[in-house]
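**Student:** below is the sequence, then the predicted model.
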Protein chains: 2
Amino acid sequence: MIKTPVRGMRDLTPSQMILRDYILHLITEEATLAGYQKIETPAMEPLENLTSKEGGENESLIFKVLKRGQSLVSAQEKGEELADSGLRYDLTVPLARYFVNNQKDLPLPFKSLQIGSVWRADRPQKGRFRQFLQCDMDILGEGSVLAEIDTITTTAKILTRIFREAKIEDLTIHLNDRRILTAAVAYAGFEEGDCGSVLISLDKNDKIGFAGVKDDLLQSGYEAEKVEKFISLFEQAAEGIDVRAFCGMLGDSAPDGGVIRDLEKISSVASSSLGSTGKIVFDPTLVRGMGYYTGPIFECTAGGFSSSVAGGGRYDKMIGKISGGNNVPACGFSIGFERIVAILEDAQFRPSEAVVRRAILVDKKLVSEKLEEVLKRADELRAIGEIVSVVTMSRNLKYQIETMEKNGYTAFEKVYSD
Amino acid sequence: MIKTPVRGMRDLTPSQMILRDYILHLITEEATLAGYQKIETPAMEPLENLTSKEGGENESLIFKVLKRGQSLVSAQEKGEELADSGLRYDLTVPLARYFVNNQKDLPLPFKSLQIGSVWRADRPQKGRFRQFLQCDMDILGEGSVLAEIDTITTTAKILTRIFREAKIEDLTIHLNDRRILTAAVAYAGFEEGDCGSVLISLDKNDKIGFAGVKDDLLQSGYEAEKVEKFISLFEQAAEGIDVRAFCGMLGDSAPDGGVIRDLEKISSVASSSLGSTGKIVFDPTLVRGMGYYTGPIFECTAGGFSSSVAGGGRYDKMIGKISGGNNVPACGFSIGFERIVAILEDAQFRPSEAVVRRAILVDKKLVSEKLEEVLKRADELRAIGEIVSVVTMSRNLKYQIETMEKNGYTAFEKVYSD
């Protein structure tokens, strides 16, 4: 037998599970109160759905599931594709399929909460696993900024609760809009078709700074004049610039007033709802990787960590594109579950367990009547909230108690046969 | 895009998720109080672990995951196995691997709670899916009957709580022992090597009756005399026979006194612990399919349904066999999660939601200030436990409210812009 998990995957220990369940409980509780409804889709999706080009580079990381029986034999003989399904690499593609498949039974707007594993054959490295959990809140069928406000405020509430006990502060929502980025690219004189590539460079800003982005663009062969104009735009946009001032710098290329008013409304209403628990800032350098976003985009940072703990935005064209049907307005915020687990583990945070975890160690020879008494007392202790485990005393009692202590046991008692 | 899930798999709706989460919550709460600790292993296991012959016929139902990149090319060229991992078909094989991999950090005995999906490429049929959830409680390293008593009483408590509200009664634990079955086979004069095949026939008893089992054995070519002796043994064992009386009928073939005393102890102590919530009966016809059981075996039935809602037993040799190392005493009870969901759905049971699920339908043109007020009030209602969803009113308000009602909304209010 191979003792270790499949490459890049991991076993989760009881103490890891306690932390994960604690976070999941807070997410589920807050999202449910805000009207999100949990759904679940299978781990496997038809391969066609996973290769619709909406998944970006994740599509090259798919774990494919082998056809079976006669289909496999026939595929091998004919040199055809050996797989017709694969493990999902995110929860967005399955959500689109779910929505189209179940639309007639769903309320509109539909507020979905999905918590589930996804699989990516990424190069394994510290903190990055080939199976990991995603937590997505999405609102489908809500075209107004209420969708952005709702996903942002609910996410902020969840993160505030998660981080409060761990004393991680400075929750900040970074807000931008794909249409403003497109306008900035046009303002600098780039071709429309270069937009994707230029934004990929800008997205590296938090790692390599503006000077790095500039080098990157020049190395990609863009004219120095355009690059200069593009970079200086963001350099001028000192911290704290508001969306109206930034768009004012874009002259004729500026997006229409509706875009600005939408962002202002998101910002002011969400700020008011968050109160003192977090702040919202306009961040013209925020890009978000996925190509499917069509409007406002947002990320959340906390505790001075550079990488974000949640990210999302509006993607109004994706469901229509994947389903081949009508467009459906859509907006989602995905909580970086594994990132948050890592932050809390690094901070050595443990959810406060108010309860006693007690081991009652009994002699192997205990007669039935005495064992019945012990079990009865164990039940009484459980009724007042103690975790109680009745186990047989081992020959090496000292070692047994030590390993139980390491596993969270706080109280011990021994019962011997007469 | 393909709109439907992969063949034999399914999408779970919000109301299905509420029922499932309700059951999972009760399982987790009771098992945790009894000292079981949650662990999790990856969905994928090395193919070698899944084909160790301990999985019985499930090993022919494995979804294999295709090798990637150069390994796949090379495997195809050389005509080698195209997969080196697969989706797990149960939680027992992964538990054995987990235990061997993490043994140094685990308390002994280790009481494990696993809740996770498994995959089997079974022929899809009503109520049987290719991805389904399993809930297993196992105690590893506990050689005494305390393991049986603990898994039985904890399972009975969980099932009592699940079924109580749905008014499903008559919780019965059926108890037998593999060593008694082996003794009965020997008593009738069958060869030792025929034990597996004879027991497979006996296992059909609840579907085809003793007459059917008899035909089955005769058709398999066993001598009429042996078959007669075997069947009459179980026919004589009228309902309510106790283990000592049954073993008394086996003469020289009877198992040693320790087996009988163990079953008596399990029966009396667990009965005392269950009190009036369920009963334990000795059932000499109980077989349990899996070949790996070595001692006591048990199943749970309820509400007059013929098929069981939980099953388990002792399997002391499996971990040693899989790991190639030392044997580790092991005993588990697996709750038939999907079976219980089906029973509760058939009974049209819904977990009582004490809360109001309210929709505040707002006019699309609502100005920021007014929207802020609405959100503030929504938060106040959530603080007193209401589920509140603020959504934009759609043009077809009547239809919108209808679909929300179908999805569990109980209260509606409308907010118009002035």
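**Tutor:** Okay, I see it. Numbering: from 1, shown residues only, chains lettered A, B, ... in the order given.
**Student:** now stretch A:318-333: buried residues?
**Tutor:** A:318-319, A:321-323, A:328-333 (16 or more other Cβ atoms under 10 Å in any protein chain shown). In this view, the C-beta of every residue, glycine as well, is placed from N, C-alpha and C.
**Student:** tell me which two in these are the farthest apart.
**Tutor:** A:323 and A:333 (22.2 Å; Cβ to Cβ).
**Student:** enumerate the residues of the stretch 101-250 of chain A near chain B.
**Tutor:** Selection of the stretch 101-250 of chain A residues close to chain B by Cβ under 8 Å from any Cβ of the partner chain yields A:101-102, A:105-109, A:111, A:117, A:119, A:121, A:131, A:142-144, A:146, A:149-150, A:153.
**Student:** try 6 Å this time
**Tutor:** A:101, A:107, A:109, A:121, A:131, A:142, A:144, A:146 (Cβ under 6 Å from any Cβ of the partner chain).
**Student:** other SSEs contacting the lowest-mean-pLDDT helix or strand in chain A?
**Tutor:** Using mean pLDDT, DSSP states H and E, helix A:318-323 stands out as the lowest-scoring helix or strand of chain A, at a mean of 84. When contacts are defined as 3 or more Cβ pairs under 6 Å, 6 or more residues apart in numbering or on different chains; DSSP states H and E, helix A:318-323 sits against helix A:92-102.
**Student:** and the helix it packs on, how far out from the chain middle?
**Tutor:** Centroid separation for helix A:92-102 versus its chain: 18 Å, with Cα atoms, centre = their mean, to the nearest Å.
**Student:** check stretch A:391-398 too.
**Tutor:** How far stretch A:391-398 lies from its chain's middle: 43 Å, per Cα atoms, centre = their mean.
**Student:** for it, how far is the first residue from the last?
**Tutor:** End-to-end distance of stretch A:391-398 (Cα to Cα, to the nearest Å): 14 Å.
**Student:** repeat for stretch A:197-206
**Tutor:** 17 Å.
**Student:** which positions in that stretch come out as buried?
**Tutor:** For stretch A:197-206, by 16+ other Cβ under 10 Å, it's A:197-199, A:201-203, A:205.
**Student:** averaged over its residues, what pLDDT does that stretch have?
**Tutor:** For stretch A:197-206, mean pLDDT is 92.
**Student:** ditto for stretch A:52-62
**Tutor:** 82.
**Student:** quick check: phi and psi at the closest residue to chain B within the stretch 301-418 of chain A.
**Tutor:** In the stretch 301-418 of chain A, the residue that lies nearest chain B is residue A:389 (2.6 Å; Cβ to the nearest Cβ). Dihedral pair for residue A:389: phi -120, psi 120, per degrees, to the nearest 10.
**Student:** ok, now which ones touch it?
**Tutor:** Under the criterion of Cβ atoms under 6 Å, 6 or more residues apart in numbering or on different chains, the neighbours of residue A:389 are A:359, B:35.
**Student:** can we see that at 8 Å?
**Tutor:** Residues in contact with residue A:389 (Cβ atoms under 8 Å, 6 or more residues apart in numbering or on different chains) are A:357-360, A:409, B:34-35, B:111.
**Student:** residue B:257: which of those is nearest?
**Tutor:** residue A:360 (28.0 Å).
**Student:** anything in stretch A:38-45 near chain B?
**Tutor:** Yes - if you take Cβ under 8 Å from any Cβ as the test, stretch A:38-45 does meet chain B, through A:38-45.
**Student:** distance check, the residue lying closest to residue A:33 once chain neighbours are set aside against residue B:17.
**Tutor:** Among residues not flanking residue A:33 along the chain, residue B:382 sits closest, at 4.4 Å (Cβ to Cβ, 6 or more residues apart in numbering or on different chains). As for residue B:382, its distance to residue B:17 is 20 Å (criterion: Cβ to Cβ, to the nearest Å).
**Student:** residue A:19 touches residue A:340, doesn't it?
**Tutor:** No - with contact defined as Cβ atoms under 8 Å, residue A:19 does not reach residue A:340; the gap is 9.6 Å.
**Student:** comparing those two, which residue is more hemmed in?
**Tutor:** The neighbour comparison of residue A:19 against residue A:340 (other Cβ atoms under 10 Å in any protein chain shown) goes to residue A:340, with 24 against 17.
**Student:** and that one, its phi and psi?
**Tutor:** Main-chain torsions, residue A:340, degrees, to the nearest 10: phi -70, psi -40.
**Student:** and it, how close does it get to residue B:43?
**Tutor:** Residue A:340 sits 22 Å away from residue B:43, taking Cβ to Cβ as the criterion.
**Student:** what about the closest residue in space to residue A:111 that isn't next to it in sequence, neighbour count?
**Tutor:** Leaving aside its sequence neighbours, residue A:111 sits nearest to residue A:36 (Cβ to Cβ, 6+ apart; 4.5 Å). For residue A:36, the tally of surrounding residues (other Cβ under 10 Å) stands at 26.
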